[in-house]
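[1] what follows is a predicted structure for the sequence shown.
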Amino acid sequence: MKKFILDLTVTENLRLHANYVLLKLTSQSPLPEMLPGQFAEIRVDGSPTTFLRRPISINYVDRQRNEVWFLIQLVGDGTKRLAQAQAGDIINVVLPLGNSFSIPEKPSDKLLLVGGGVGTAPMLYLGEQLVKQGCKPTFLLGARSDKDLLQLEDFAAYGEVYTTTEDGSHGEKGYVTQHSILNKMQFEQIYTCGPKPMMVAIAKYAKSNQISCEVSLENTMACGIGACLCCVEKTTEGHLCVCKEGPVFNINKLLWQI
């Protein structure tokens with residue numbers, strides 16, 4: 001897909017949590033096509049310690065409002081600076097980058113979308129796109145506590161939502177891989193994004209149950225175009241750049257011990 005370098009205008013900056021903001025950006029021209037699972041490299045202006053763009057998953061694309069959403073976790077100077085953006089500010093982005101999740105050829109109600117932490121971000125746009133294709137996705141979202149579960153109402157607009165929290169404050173107590181739904185329902189396809197240990201556990205579950213599974217990797221990405229080799233992952237096809245050949249991979253392509 002063609003990539004664009006765009007100056008986008010902040011329409012809204014919502015503080016969803018002490019450590020998360022939802023940044024909504026728009027353009028005077030129609031936004032380019034973006035697929036679920038793709039990401040953007042966002043330039044950080046005004047930070048003396050941040051020299052590289054920050055790779056952020058595309059959380060949602062609102063075509064009616066011509067907006068693209070980014071769910072940003074505040075982890076360093078760069079993301080904390082982005083969190084200070086106000087309506088009307090201009091932010092430079094490169095998008096869309098990377099590949100995307102696959103969409104079933106036929107409508108299905110046996111699709112499980114698993115997200116952990118900020119890894120829930122790409123699952124929202126994926127869910128919306130699956131619904132457009134006649135599918136009925138099921139969401140399984142995990143976090144440390146109820147305060148860390150984000151956008152639940154948005155997810156509920158596209159399918160059933162199940163949750164786990166480590167402290168038991170929302171949904172079932174424990175990790176997503178321990179949720180009872182995994183023993184109660186049969187799925188044909190699993191999509192997941194989140195901490196690597198979580199994705200590896202989901203991949204093991206999928207493999208043992210002969211379920212097709214795609215993971216969105218979060219390797220460190222500096223350039224976003226496969227030039228710097230910071231995000232290389234070992235695969236059945238050799239070393240591949242996650243930012244260019246991914247971030248979405250079928251688990252059968254990865255050399256994980258599952």
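    Arrived safely, thanks for sending. Numbering: from 1, shown residues only.

[2] so how far is residue 25 from the closest residue to residue 151 other than its chain neighbours?
    With sequence-adjacent residues excluded and distances taken as Cβ to Cβ, 6 or more residues apart in numbering, residue 151 is closest to residue 124, at 6.1 Å. No exception for glycine: its C-beta is placed from N, CA and C like everyone else's. Here the distance between residue 124 and residue 25 works out to 16 Å (Cβ to Cβ, to the nearest Å).

[3] and what of residue 98?
    According to Cβ to Cβ, residue 98 and residue 25 sit 18 Å apart.

[4] what is the helix or strand that residue 202 is a member of packed up against?
    Under the criterion of DSSP states H and E, residue 202 resides in helix 196-208. If you count contacts as 3 or more Cβ pairs under 8 Å, 6 or more residues apart in numbering; DSSP states H and E, helix 196-208 packs onto strand 111-116, strand 189-193, strand 212-216.

[5] quick check: buried residues in it?
    198, 199, 200, 201, 202, 203, 204, 205, 206 (16 or more other Cβ atoms under 10 Å).

[6] and for stretch 131-151?
    By neighbour count on 16+ other Cβ under 10 Å, the buried set for stretch 131-151 is 135, 137-143, 147-151.

[7] take those residues and keep only those in helices.
    With helices taken from DSSP state H, there is no overlap with these.

[8] reformat those residues as JSON lines; add pLDDT and distance to residue 82.
    What follows is the buried residues of stretch 131-151, written out as JSON lines (pLDDT from 0 to 100; distance: Cβ to Cβ, whole Å):
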{"residue": "135", "pLDDT": "98", "distance to residue 82": "32"}
{"residue": "137", "pLDDT": "98", "distance to residue 82": "29"}
{"residue": "138", "pLDDT": "98", "distance to residue 82": "32"}
{"residue": "139", "pLDDT": "98", "distance to residue 82": "26"}
{"residue": "140", "pLDDT": "98", "distance to residue 82": "28"}
{"residue": "141", "pLDDT": "98", "distance to residue 82": "23"}
{"residue": "142", "pLDDT": "97", "distance to residue 82": "25"}
{"residue": "143", "pLDDT": "96", "distance to residue 82": "21"}
{"residue": "147", "pLDDT": "94", "distance to residue 82": "21"}
{"residue": "148", "pLDDT": "94", "distance to residue 82": "19"}
{"residue": "149", "pLDDT": "96", "distance to residue 82": "22"}
{"residue": "150", "pLDDT": "96", "distance to residue 82": "16"}
{"residue": "151", "pLDDT": "98", "distance to residue 82": "18"}
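
[9] turn those into CSV, columns for distance to residue 50.
    Output for the buried residues of stretch 131-151, formatted as CSV (distance: Cβ to Cβ, whole Å):
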residue, distance to residue 50
135, 39
137, 35
138, 38
139, 33
140, 34
141, 29
142, 29
143, 27
147, 27
148, 25
149, 29
150, 24
151, 26
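
[10] farthest-apart pair in the residues you listed, please.
    Largest separation among the buried residues of stretch 131-151 by Cβ to Cβ: 135 and 147, giving 30.3 Å.

[11] element containing residue 41?
    Under the criterion of DSSP H and E, residue 41 resides in strand 39-42.

[12] so what strands line up beside that strand?
    Note on strand 39-42: by DSSP bridges, its sheet partners are strand 54-57 (antiparallel), strand 90-97 (antiparallel).
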